[in-house]
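Peer 1: Could you work out the structure for the sequence below:
(2 chains)
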Protein chains: 2
Amino acid sequence: MTDQTQIVVIGAGFGGFQAAQSLANANARVLLIDRNNYHTFVPLLYQVATAQIEPTQIAFPVRTLLRRGKNLSFLAAEVERVDFQTQQVHTNRAVIQYDYLVMATGSRTQFLGVPGAAEYAFSMRSLAEAVTLRNHILSCFEAAIATSDTQERERLLTFAIVGGGATGVEVAGALVELIQGACRRDYPELGNLRKLRQITLPRVVLLQSSDSLLGDLPPRLGRYTDQCLRRLGVEVQMQTRVEQVTPAGAQLQSGQLLASATVIWTAGLEAAIPEVSTDLAAATKGKLRVRPTLQLVDHANVYAIGDAAYVEHAGKSLTGVAPEALQQGVAVARNLRRQLRGEAPKPFSYFNKGRLAIIGCYAGVGQVVGLPLTGPLPWLMWLAVHLVYLPGFRNRLLVLLTWLQGYVMGDRAVRLILPPHAAQAQPLDLPAPPQISSRR
Amino acid sequence: MTDQTQIVVIGAGFGGFQAAQSLANANARVLLIDRNNYHTFVPLLYQVATAQIEPTQIAFPVRTLLRRGKNLSFLAAEVERVDFQTQQVHTNRAVIQYDYLVMATGSRTQFLGVPGAAEYAFSMRSLAEAVTLRNHILSCFEAAIATSDTQERERLLTFAIVGGGATGVEVAGALVELIQGACRRDYPELGNLRKLRQITLPRVVLLQSSDSLLGDLPPRLGRYTDQCLRRLGVEVQMQTRVEQVTPAGAQLQSGQLLASATVIWTAGLEAAIPEVSTDLAAATKGKLRVRPTLQLVDHANVYAIGDAAYVEHAGKSLTGVAPEALQQGVAVARNLRRQLRGEAPKPFSYFNKGRLAIIGCYAGVGQVVGLPLTGPLPWLMWLAVHLVYLPGFRNRLLVLLTWLQGYVMGDRAVRLILPPHAAQAQPLDLPAPPQISSRR
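Peer 2: Predicted coordinates:
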């Protein structure tokens, strides 16, 4: 019975979520698995971390997806192991049998072996991490005005960002906006302390290992971004490598210690692949090697997409932005439908609509249909594009309203230190026997 | 120098927040202290717990208040001890000197000595607790469809509410709405299981020790509420006392065990008073005895308001609703201004505009200018009143939009299990020497 065919999609990120959506009402049952019951709109995480928008505004309940097709279902579980021989996905809740598998497991922060980075640096790969960072940044201000130790105050008001890619640039710009907007109004004490010469302005320091920002984009745009950030008051330090991260701050290779209570790590990613029964051919950063059709080189009924897969475009590796994963999600769904009909999958080709990066304070850079753009236009385009791609009409409306308020009033609405009572907050973790997989 | 006079307000709840606001531009420096940097709109906590609105929509950043008067400042700190002899408030961040003190320290859940209640029952006194409960309720559904153990599934889908006051009634109604609306769509599996007779409907059980609901209101309204809840599908059990709460559920005095993974405790409150240097005259539930002017019986320069104070109105104790605390906040500010001018404080008298309680599904009850109301009118009035009193235009707009979507589409938008990464999430805790208090 073909309608017994079971497709399992691991990961509800851009790739997996899109793949499941595109498989709605296909001639197979589709089970989407993710540890969270929501899809996270990662490109806006930095705005959550800088108190610009609310976490829930970029989270989309996965189960809303199920309403689009009777063949779709969802399991909130942690994937522990994939067995290609028995064609089973082992999770903390159940063992799932699959006929076809889509690995859209995404990426995790890569600390490049820098000691202390994993322990003491903040990363922004999940909603929880973004909220944690927001709580921390605002707590630094609260602590800074409550202490009379000048050195400690400087450390609390120094924010170091490691990595000069899009994320690093975005965070730097957003932090400056936060400091010069809301925090200036919220902490008048800091103004008085400045008058008393007991404090300099809060510092935002961007540490970049190479000698240019936004490496993926033409050098001209990197230079513009550099000037723009400096004008905003960001201290950009090129050719600066971080040797170690400690509670005291970032230890630089130059031997200098950058005293900072907040080191934000945006310097690298690697594929997040669950434990598998047989070693898979992998490329750089642990990304899985796939055929042009996105099938694994070793398994024709297993696909890998998004940050989990190594895919080349125009001779270069894809850079790991959302549109790539989305297009791959659609392509995988199309290929699976072909396989269900007994036809051969078709090769994937990426259509690059362009790249945009936002600097903040009404400035952005971008390359659209080969055309390099700088200034307010790419800034506005960035906002528009992200608003359009944000899933859920409700989220779109709320984010738009929040942005309007923020940019019109130069304020931040979500200035909450909301440390959640962790006890009990974990989802219940119940073992369930394998047979539930067959019932699906 | 009179402008050196320092007024300290402990607690940014309804009473304390209002008192600080009403003291804007008074001839004294006013320091508001709270452990959180936001004011929580408690009456809507139950809607956060039932995935109806977002936590941030009922949280208002306290520092926004500072923008209303140059004499206002805020300290995010935990109050550890109050010393009436030295007139100092000891916090985890600093020791604060005061000339006048307002104790608006609010209340905490009172578990009436029921074993296990504090450990295993959920209460809703803070945003964090409400979010924890929301995560738990949604996790119960996720776990219920992942398990094949019928008994366990019943336990996961049985929600027990202890206490038939306004909060208990509101939670019961909101839970039924959640189950019959969003959850029915999100978990089609449950529908199938019902067809297979493997499950009954998810149960909402309201346990009330007395034989009527909403004791503060006329019996007629309690009876209406009872009928209304039963019609909605809530199992109301009168004259039922909980003897013990365990992970298995609620152990009733009748000897029966109500198997439930979710026991929600709304049965009692007691005043939350910090450690003090000298014992204070207290009334029931640890509430402080105050003069008609709201000054402590024992200390003329210390006021107590809200749930921290025992105040009578028309021969009966006030019931602990927001309007009481708000009016007391205004009265305290007025009396402090009088004391600053060397005049005598005036007695406080409460103006009772009425009481409203919402049952859910378009029904409410209320008593306005002595007139008992039931049905959609008090329901609508309840929504309107709470919208008007919700601080912040932005929050008002967002809550209105969310309500519209919820009631028009019978859906819940915030169905997120967002267990936040607790590590690092606590605010930095830095000791600071006393002198900072004098700098304020």
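Peer 1: Per the annotation, how does chain A divide into domains?
Peer 2: Annotated domains of chain A cover A:6-35+A:77-109+A:269-340, A:117-267+A:355-422 [automatic domain parsing].
Peer 1: how about these, which one is nearest chain B?
Peer 2: When the domains of chain A are compared by CB to the nearest CB, domain A:117-267+A:355-422 sits nearest chain B, at 3.4 Å. Yep, even glycine has a C-beta here, placed from its N, CA and C like the rest.
Peer 1: chain center to the closest one: distance?
Peer 2: 15 Å (CA atoms, centre = their mean, to the nearest Å).
Peer 1: Show me what the residue nearest to A:Ala12 when sequence neighbours are not counted bridges to in the sheet.
Peer 2: Nearest non-adjacent residue to A:Ala12, counting by CB to CB, 6 or more residues apart in numbering or on different chains: A:Asp34, 3.8 Å away. A:Asp34 forms beta bridges with A:Ala76, as assigned by DSSP bridges.
Peer 1: Could I get the contacting residues of A:Asp34?
Peer 2: A:Asp34 is in contact with A:10-12, A:16, A:62, A:74, A:76, counting by CB atoms under 8 Å, 6 or more residues apart in numbering or on different chains.
Peer 1: Now intersect the residues you listed with the helices, please.
Peer 2: A:Gly16 (DSSP state H).
Peer 1: Go through the contacts of A:Asp34 and name the one nearest A:Pro115.
Peer 2: A:Gly11 (30.0 Å; CB to CB).
Peer 1: pLDDT score assigned to that closest one?
Peer 2: A:Gly11 is assigned a predicted lDDT (pLDDT) of 97.
Peer 1: who are the neighbours of whatever helix or strand A:Arg231 lives in, in terms of helices and strands?
Peer 2: Per DSSP states H and E: A:Arg231 is located in helix A:219-232. The contact analysis (3 or more CB pairs under 8 Å, 6 or more residues apart in numbering or on different chains; DSSP states H and E) places helix A:219-232 against helix A:166-178, strand A:234-237, strand A:354-360, strand A:363-368, strand A:371-375.
Peer 1: which residues are contacting that helix?
Peer 2: Contacting residues not belonging to helix A:219-232 are listed as A:169, A:172-173, A:176, A:206, A:212-215, A:236, A:357, A:359-361, A:363, A:365-367, A:372, A:374 [CB under 8 Å, 6+ apart].
Peer 1: I'd assumed A:Ala357 was in contact with A:Ala166.
Peer 2: Yes - A:Ala166 is within contact range of A:Ala357, at 4.5 Å (criterion: CB atoms under 8 Å).
Peer 1: so what's in contact with these two at the same time?
Peer 2: Taking CB under 8 Å, 6+ apart as the criterion, A:Ala166 and A:Ala357 both touch A:Leu214.
Peer 1: mean pLDDT for the domains of chain A: which is lowest?
Peer 2: Taking mean pLDDT as the measure, domain A:117-267+A:355-422 is lowest among those, coming in at a mean of 90.
Peer 1: buried residues in stretch A:335-354?
Peer 2: Buried positions in stretch A:335-354, judged by neighbour count with 16 or more other CB atoms under 10 Å in any protein chain shown: A:335-337, A:339-340, A:345, A:348, A:352.
Peer 1: Oh, that last question was meant for stretch A:148-164, not what I typed.
Peer 2: A:148, A:152-164.
Peer 1: near chain B, from the residues you listed?
Peer 2: Filtering these for proximity to chain B by CB under 8 Å from any CB of the partner chain leaves A:148, A:152, A:156.
Peer 1: Format the residues you listed as JSON lines; extra columns: distance to B:Met409 and secondary structure.
Peer 2: What follows is those, written out as JSON lines (distance: CB to CB, whole Å; DSSP: H, G, I helix; E, B strand; the rest coil):
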{"residue": "A:Ser148", "distance to B:Met409": "54", "secondary structure": "coil"}
{"residue": "A:Glu152", "distance to B:Met409": "51", "secondary structure": "helix"}
{"residue": "A:Leu156", "distance to B:Met409": "45", "secondary structure": "helix"}
